[in-house]
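Participant: Next comes the sequence, and after it the predicted model I'd like to discuss.
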Amino acid sequence: VQVAVAVLIGLNFLSNIGQAEMVPAHGSFESDVFETMDIVFTWLFTAELAVNLLANWFWPFVCDSWSMFDLLVVSVSLTALFVADIPGVSTLRLMRAFRVMRLFGRLKSLRQIINSLTASVYPVANAFFIMLLITSIYSILSVNFFAEKYPTTFGRFSVALFTMFQVCTGDAWASEIARPMFRPDGMMDPGVAVFFVSFIVIVGWTLLQVVVAVLLDNFTAAAEKEKEKDSLERRKLLSHRQVSCLDPLLASLSNFDTSADLSSRISSLFTIIDIDDSHTVTFKELFEGLKKLNLSRTIFLSEDEFDAMTSHLELVGDRELTLELFDEMMRHQLFLFVQRKVATAMDGAGWS
C-alpha cells in the first residue's frame with residue numbers, strides 16, 4: 001500500500017514538473033489536462049488520508065508529524081480546488097509541489113534520512129551561529145574601514161554582511177571585491193589583503209568545514225539512534241510473538257548430539273510422564289507430568305494447546321499418545337522451536 005501511494009506521489013510530482021515546463025495557457029487543452037490530473041490526484045490523496053485517519057484514530061494520527069503534514073497538504077489542495085475565488089488562491093495551488101515531500105513519510109529509507117537531519121539541526125545551528133558572529137564582526141570592521149570609499153559594497157552593516165557572505169561563498173570575491181580595492185597604481189594593499197585572506201581562512205576554510213563536520217557527526221549519531229529505535233521496535237514485536245508453553249522443555253531437549261540421543265531423551269521423558277505404565281500418555285498424564293518437571297518455568301499445558309500440538313497425529317484410544325506418536329510430536333515441536341529462535345535472532349540482527 002505504501003509503495004502504491006509513493007508511486008502516486010511520484011506521478012503527481014512528474015505532472016507538476018510537466019506543467020511547469022510547458023506552462024500551458026489558461027483554457028488550453030494542455031491546461032485542462034493538467035487541471036483534470038490535479039483533481040484526480042487530489043481526490044486519491046484525500047481518500048488515502050481518510051483511510052489513514054480511520055485506521056489510526058485519533059491520537060496516533062495526531063501525534064504522527066508525517067500524518068499531520070499529509071493533512072495540511074491535502075487540506076490546502078482541497079481549499080484551492082473548491083474555493084477558487086479567495087485571495088491568494090494561486091499561492092495555495094503552489095502547495096501542490098510540496099506533495100512530493102509526503103514521500104519522506106511513506107518510504108522508510110527517506111524517513112530515516114529526514115529524521116537524522118532534523119536531529120542534527122540544533123548542533124549545526126550552533127556552529128552556524130558561531131560563523132555568523134565572526135562574519136558579523138568582519139562586517140562591522142569593513143563598514144568602519146571601507147564604507148567611505150566603497151559604499152556600494154560596505155556602505156552599511158546589512159550591505160557589508162551580504163558582501164562578506166559573498167566572499168564566504170567564494171563567488172568572485174577576489175576579482176570583483178578585493179582587487180578593485182587595491183592601490184590606484186595596481187599595487188596590493190596589505191591591509192585589504194590581510195582583511196580578506198584572514199576572513200577566508202577563518203570562515204571559509206575553517207568554520208565552514210566545522211559546520212560540515214558537526215553535521216556529519218550528528219547525522220551519523222542520529223542515524224544510529226534511528227537504527228537502535230527500529231531494532232527496539234522489532235524486539236518488542238518479537239516479545240509478543242506467540243511461543244509454545246513447551247519452550248522451557250524444548251530448550252533442554254535442543255542440546256542433543258545425534259538423532260538417537262534425541263530419541264533416547266524423548267523416550268526417557270515419555271517413561272516419566274507415563275505414570276500407569278500403560279505405554280500410552282493421556283492429556284491428563286501429560287499435564288501432570290510436565291507440571292512436575294524441574295525446568296526454568298513450570299509448564300501448564302491447556303487442552304487447546306494439546307489439541308494444536310496433536311492435530312496432525314492420529315491418536316489412539318481416548319486421545320492417547322504412544323511412544324512413537326509422542327516422539328513425532330516432540331520432534332515437530334522442537335523443529336518449530338528452532339525456527340522461532342532463528343527468526344528471533346535474524347530479526348534482532350536486522351536481517352528481516
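Facilitator: Right, received. Where do you want to start?

Participant: tell me, what residue is most central in the protein?
Facilitator: Per Cα atoms, centre = their mean, the C-alpha nearest to the average position across the chain is that of residue 112, at 3.3 Å.

Participant: can you map out the helices along the stretch 51-200 of the chain?
Facilitator: Assigned by DSSP state H, counting those that start in this stretch, the helices in the stretch 51-200 of the chain fall at 59-62, 65-82, 89-93, 103-106, 108-119, 121-146, 151-154, 157-169, 190-199.

Participant: and the top helix by length along the chain, what does it pack onto?
Facilitator: In terms of residue count, the longest helix belonging to the chain (DSSP state H) is helix 208-239. Contacts defined by 3 or more Cβ pairs under 8 Å, 6 or more residues apart in numbering; DSSP states H and E place helix 208-239 against helix 108-119, helix 121-146, helix 323-348. From N, CA and C alone the C-beta is placed, and that goes for glycine too.

Participant: Put together TSV for the ones you listed, with mean pLDDT and distance to residue 11 on each row.
Facilitator: Shown next, in TSV, are the helices and strands packed on helix 208-239 (pLDDT from 0 to 100; distance: least, Cβ to Cβ, whole Å):
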stretch	mean pLDDT	distance to residue 11
helix 108-119	79	17
helix 121-146	94	31
helix 323-348	84	34
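
Participant: Turn those helices into TSV, including distance to residue 4.
Facilitator: What follows is the helices and strands packed on helix 208-239, written out as TSV (distance: least, Cβ to Cβ, whole Å):
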stretch	distance to residue 4
helix 108-119	15
helix 121-146	32
helix 323-348	25
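
Participant: How is the chain divided into domains?
Facilitator: 1-106, 119-229, 246-349 (the TED database).

Participant: and the ones you listed as TSV, adding mean neighbour count?
Facilitator: Shown next, in TSV, are the domains of the chain (neighbours: other Cβ atoms under 10 Å):
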stretch	mean neighbour count
domain 1-106	14
domain 119-229	15
domain 246-349	15
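
Participant: sorry, back to before: among the helices of the stretch 51-200 of the chain, which comes closest to residue 230?
Facilitator: When the helices of the stretch 51-200 of the chain are ranked by distance to residue 230, counting by Cβ to Cβ, first place goes to helix 108-119 at 8.2 Å.
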